[in-house]
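Engineer: Return a 3D structure for these sequence lines:
(chains A and B)
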Number of protein chains: 2
Amino acid sequence: MGRTATLAEQLASKQREISVAEFFERNRQILGFDNPQRALLTAVKESVDNALDACEEAGVLPDVSVEISKDESGPDRYRIVVSDNGPGILKRELPNVFGRLLYGSRFHAHRQSRGQQGIGISAAVLYAGLTTARPVKVTSRVEEEEAAHVLEILVDTQRNLPKVVSEALELWDRPHGTRVDLVLKAKYVRGRQSPLEYLRGTAIVNPHARLVLVEPDGTRITFERASSEVPPVSKEVLPHPYGLELGELNAILKQAKEKQLSEALPRRLAGVTPRALKEILAKAGLTGKEDPGTVHGPELESLLSALHSVTLLPPSAESLSPIGSVLIKRGLRNVLGELRPDFYAPPVSRPPKIRGGSPFLVEVGLVYGGSLPPDQPVQLLRFANRVPLLFQQGACAITAAVESVDWRRYGLDQRGGQGLPAGPCILLVHIASTRIPFTSESKEAVAEDPEILKELQLALQAVARHLKSHISRQIRREYASEKFTIIRRILPQIAEKSSHLVGKPVPDLTPVITEIMNVVTLETASPEKDTGLDVTITNYTPRARVLEVFAEMPSELAGQLAPVPPPDGVDVGLGRMWWTLPKLSPNGKTELRLRWPKGHDGDASDFDWYIAGVDESHLLGADALPGDWDVRLPRQVVEAAEAAELVGVVAPGTTEEPEVDYDGAEKAAELEEDD
Amino acid sequence: MGRTATLAEQLASKQREISVAEFFERNRQILGFDNPQRALLTAVKESVDNALDACEEAGVLPDVSVEISKDESGPDRYRIVVSDNGPGILKRELPNVFGRLLYGSRFHAHRQSRGQQGIGISAAVLYAGLTTARPVKVTSRVEEEEAAHVLEILVDTQRNLPKVVSEALELWDRPHGTRVDLVLKAKYVRGRQSPLEYLRGTAIVNPHARLVLVEPDGTRITFERASSEVPPVSKEVLPHPYGLELGELNAILKQAKEKQLSEALPRRLAGVTPRALKEILAKAGLTGKEDPGTVHGPELESLLSALHSVTLLPPSAESLSPIGSVLIKRGLRNVLGELRPDFYAPPVSRPPKIRGGSPFLVEVGLVYGGSLPPDQPVQLLRFANRVPLLFQQGACAITAAVESVDWRRYGLDQRGGQGLPAGPCILLVHIASTRIPFTSESKEAVAEDPEILKELQLALQAVARHLKSHISRQIRREYASEKFTIIRRILPQIAEKSSHLVGKPVPDLTPVITEIMNVVTLETASPEKDTGLDVTITNYTPRARVLEVFAEMPSELAGQLAPVPPPDGVDVGLGRMWWTLPKLSPNGKTELRLRWPKGHDGDASDFDWYIAGVDESHLLGADALPGDWDVRLPRQVVEAAEAAELVGVVAPGTTEEPEVDYDGAEKAAELEEDD
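Structural biologist: Prediction:
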């Protein structure tokens, strides 16, 4: 009879508290220390993420170096030294920051940062201690101090507390910064999921950072700063009531120092305007005079349900630091290297949304075609708060969202309309949030939150629609250019044969050919050494035309570019430029010459081209002008000039414009009169 | 100048300790509480896993009920009540077990159990508090007490400590057990990733448990016990030196109470025999007289490297509780319901291996063909320590291993030889270990550990080889039966036409047809109401044959089955049975009748059939006898009888055996003489 009782006693005697360090030492795979290869990458990642966060908080342009070398104290050991030019860490904080799990400055703040958990770097120290028994050596200098503090720190696993092994002062030529020196069991690899790959990804989405990697064989790779603007420091915001849980609201009110609920609500929560406050209190049946700390039970529940149902100010995007479409495009170009896609979809940035009281937003970029491998699965580049995600692709909401879109509808190959699509395509997806719901402490995959999934799907579909119209344009163009080739080859042969048969001279076919073709083409080509872009517009229609050409580009480029001929209008803010071309006779062509400004590395993919003055179905290489352009052009002049023009056959000698005179719009009007 | 210094100060002022409960409340997705639907499932899962662990530790056949009902205190609220007949929990332990994260009895033990982390159930209590502010109500009774204790407990998030809201005594008709009553924000669904699906999966791999689910609409689903044997309690073992890290060895030695290293090593580590101990100490350059607690630095490193390089006893499987091949087959049958596959591969159980000091083993089952959907991705059933894994399939080592096998080599469709294969196939994969490396605290996916991946791949390949030979057999059979059909249809037509032309009578073609076909077929069919199995063996070869038929089946079935005719031999232990058939003339057939014993629900898939006496290439529906069978049959008699037989043509009327007389082997010998 006493058997199970004894057992309950026995079981009880085994019950014990588990230290969080002990837990993570056992479950190191959760932190990204599964195996020596991943451990190395995770340690580098945690150090670099901390360095970038620190520099950004200080408004400093980050200068981060990562040196990895073989350590000879034992087999499979590597030494990682990461140093930054951040503000440094006060000596008194060093032990806890590096030697204690769940300790940090960013957990309780509502703003976007790479590290949020207070686990990452101390986990690397824990792993180093576990595998090599070596402490981390931290050197840190804050600006007002003459010397740097050098501490050696271990994690005391059973108590989850730091153990300082040694401390010293050292002169350091850096005015401020931190240097982390770790020896751990590791394996160095190149290629996918390597430190190099991680730094490349980091460079893509952090163009303001200078990153240096020294590999174990001495190879030094530098990612230079591509932009010298420090991104605006993301602001700390209040939690937003939408998606807040009962327990969270309770905690917020318990901690509030205001004496009345009507003061506490607008000061402790985002988006609560005076008007909204009134509505909330009325709905919840509260007066507003209540002591915030005493609201509980049914009152608290009514208050929460009122907060969820009243219209509040939308979340502020100030706490977020998106990459932005220009940098997404440039980031994609960085990753491409030698590969030349033939289409860059306009990157999509969704407006910020709220989940669980925290704002988030989604950005997506896509490139397609050209020399990208055509029959592989689409390459997916995932980022969260400007950190590349290299592992756990299969567990990530980003992947799930990509797989849930029916890409067959947008022109990619996809088995059964599900799963990762295949095709010559790279997708870049970034999620920015004050609180990213990662699936584990290793922060390698985003949990499949319904709100996030929805935003991801919307952004992906928007980008996919661009892809679709590109592909159908491409098919149309291919069809047209095929037709073009056939006509130019076959018709003259037929004409020659026929003339020969009837004994008459071969007629000039140019007018017939242009009439059959009936297109205006825009072609871009890079001159030598990629110094700019040459744009050729040819009129293969049977009538002379005055055309307007419009270009859309990054606004910084629009402000610096000096094209020949100069544009007839520029809107730097919107990154737009337009020209009225000299009148083009049938078979006539003209050219625009763009040269990159100094220090700027442009690309054909920076531009979208539009042509007005001819119907969309007669355009090759450019699109019809979208409705949202509002440019003041002498349109009536153009229209009048065209109306006066007859569809006529022009003698071949005169159809070719021998030299184009670039004097801008006025010249075009003159030309019309000359005709 | 002072700017960054001030900043370092500012940053320092924000540094804070983060309570583990606070961390998990924020990152609830890590624990499986991402959204209301998953939260419900996770809460059910944690409660049921605890219940099953408790019953098994007590050696009790588990009787677990799960009641889910709508709770009217607020929108989207459900109440979950899970009760078990386990040993109960002492009152003094209840607060910590339910109200404190990282507290438990199984973390420090080296044995297989479902819960290992001391997080699961308290996380459910934390989530309930967060979303409904309601405490968990726990009722628990240990056998020697008259009444049950009833406690209401909350997690104090900021301190990670239990808060007991109320306590009482209550009479409970159960002699011992625990009952957990939770109200949480949730969503009830059916289908994939539902509580029902989880309980079904649990029933598959825990046939000794009785599980009852009451759904919110009152529907009651019971999974009855399929076996009344309590699985042997998995034993606690010592950590094995293979894969142990420096820090772990250090901790083991520091905690050792022995005075000398030579005493501590064999008592604190598994597999260290006296002979191995000598070798280890010699290799490490130690005497064995050292105080275990003082071994450190280079000495410790030498000791570890000696432990890793010396041959030790392999890990004991006693700490593991595999499912076993009979139950894997039966589990697969359970999940199939109406679907009838035509092939059950013999399940593969790998021997235990070591990773990081802990033993693990891998088991795989596979079914194929029949009425399974032919062009879907393969259905993958993942299990870890007898718990079904329903989420994060994409992040799991099991999935990675399945995707890494080139299934095209084994007859399944797979794009590019990578990714999840497609075909009419279900795979069941189970990993058992004293320490499963889950990718996160929600325990839904196993990390991609190289050792585990390797074992998974080996097991999958072994099962895939069975699949391959089944598919090629099937193709051979289809080819043969196609040939059969054509010959039987075309030859008589030709014969008739030719006879007509030459004006002669149509000849009897049977001998020619059997000569061309030249196969022995074994076909199985279920009689009405699935009461057993009828096996027909037909001799479509041109000579009379004495055949031996061999069946392999679960050993418990072999012990109870009474076939007609009775077998000529039975090996119950190995689950084998064999018959020497009466001599079969060309076109002759005979039948074996198997009827299920009372209370046993058999299936054609329980049997593998082999035939001796004819070459493998002349067999359809059975295989040649494998080399590892050692059965004592009157083989010389059979061979002599066959040698005496001529390849002769028998008149059609006499080729059909009208009634077969079942008197076993002696009879067969008699028949030979009669012939």
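Engineer: switch to C-alpha atoms for all contacts and neighbour counts from now on
Structural biologist: Fine.
Engineer: Can you tell me the SS state at the residue in the stretch 351-500 of chain A that chain B sits nearest to?
Structural biologist: In the stretch 351-500 of chain A, the residue that lies nearest chain B is residue A:394 (4.1 Å; C-alpha to the nearest C-alpha). In three-state terms, and counting by DSSP: H, G, I helix; E, B strand; the rest coil, residue A:394 is helix.
Engineer: Tell me the spacing between it and residue A:38.
Structural biologist: Distance of residue A:394 to residue A:38, computed by C-alpha to C-alpha, to the nearest Å: 17 Å.
Engineer: what do you get for residue A:487?
Structural biologist: Distance of residue A:487 to residue A:38, computed by C-alpha to C-alpha: 59 Å.
Engineer: the more surrounded of those two?
Structural biologist: For residue A:487 and residue A:38, the more surrounded residue by other C-alpha atoms under 10 Å in any protein chain shown is residue A:38, and the numbers stand at 21 against 17.
Engineer: secondary structure class for that one?
Structural biologist: Put simply, residue A:38 is helix when judged by three-state DSSP.
Engineer: May I ask you to confirm that it is in contact with residue A:32?
Structural biologist: Yes: assessed by C-alpha atoms under 8 Å, residue A:38 is found in contact with residue A:32 at 6.5 Å.
Engineer: which stretches of the stretch 51-200 of chain A form strands?
Structural biologist: Secondary structure of the stretch 51-200 of chain A, counting by DSSP state E, counting those that start in this stretch: strands at A:63-70, A:77-84, A:103-104, A:136-141, A:148-156, A:161-170, A:177-185.
Engineer: Check those strands for me: which has the lowest mean pLDDT.
Structural biologist: Lowest mean pLDDT within the strands of the stretch 51-200 of chain A: strand A:103-104, at a mean of 85.
Engineer: coming back round to it: so for residue B:470, which of the strands of the stretch 51-200 of chain A sits nearest?
Structural biologist: With C-alpha to C-alpha as the criterion, residue B:470 lies closest to strand A:177-185 of the strands of the stretch 51-200 of chain A, at 45.4 Å.
Engineer: excluding its backbone neighbours, what's nearest residue A:574?
Structural biologist: Nearest in space to residue A:574, with sequence neighbours left out and distances taken as C-alpha to C-alpha, 6 or more residues apart in numbering or on different chains, is residue A:555 at 6.0 Å.
Engineer: give the contact list for that neighbour.
Structural biologist: Listed by C-alpha atoms under 8 Å, 6 or more residues apart in numbering or on different chains, the contact partners of residue A:555 are A:572, A:573, A:574, A:575, A:576.
Engineer: That one and residue B:546, how far apart?
Structural biologist: Here residue A:555 is placed at a distance of 91 Å from residue B:546 (C-alpha to C-alpha).
Engineer: Quick check: buried residues in stretch A:397-416?
Structural biologist: A:397-408, A:410-414 (16 or more other C-alpha atoms under 10 Å in any protein chain shown).
Engineer: gap between the residue nearest to residue A:574 and residue B:204?
Structural biologist: Note on residue A:555: its distance to residue B:204, by C-alpha to C-alpha, is 62 Å.
Engineer: Bridging across strands, which residues link to residue A:349?
Structural biologist: Counting by DSSP bridges, residue A:349 is bridged to residue A:363.
Engineer: Might one say that it is in contact with residue A:326?
Structural biologist: No: with contact defined as C-alpha under 8 Å, residue A:349 does not reach residue A:326; the gap is 11.0 Å.
Engineer: Return the mean pLDDT over the helix ranked longest in chain A, rounded to an integer.
Structural biologist: As assigned by DSSP state H, the longest helix anywhere in chain A is helix A:450-502. For helix A:450-502, mean pLDDT rounds to 85.
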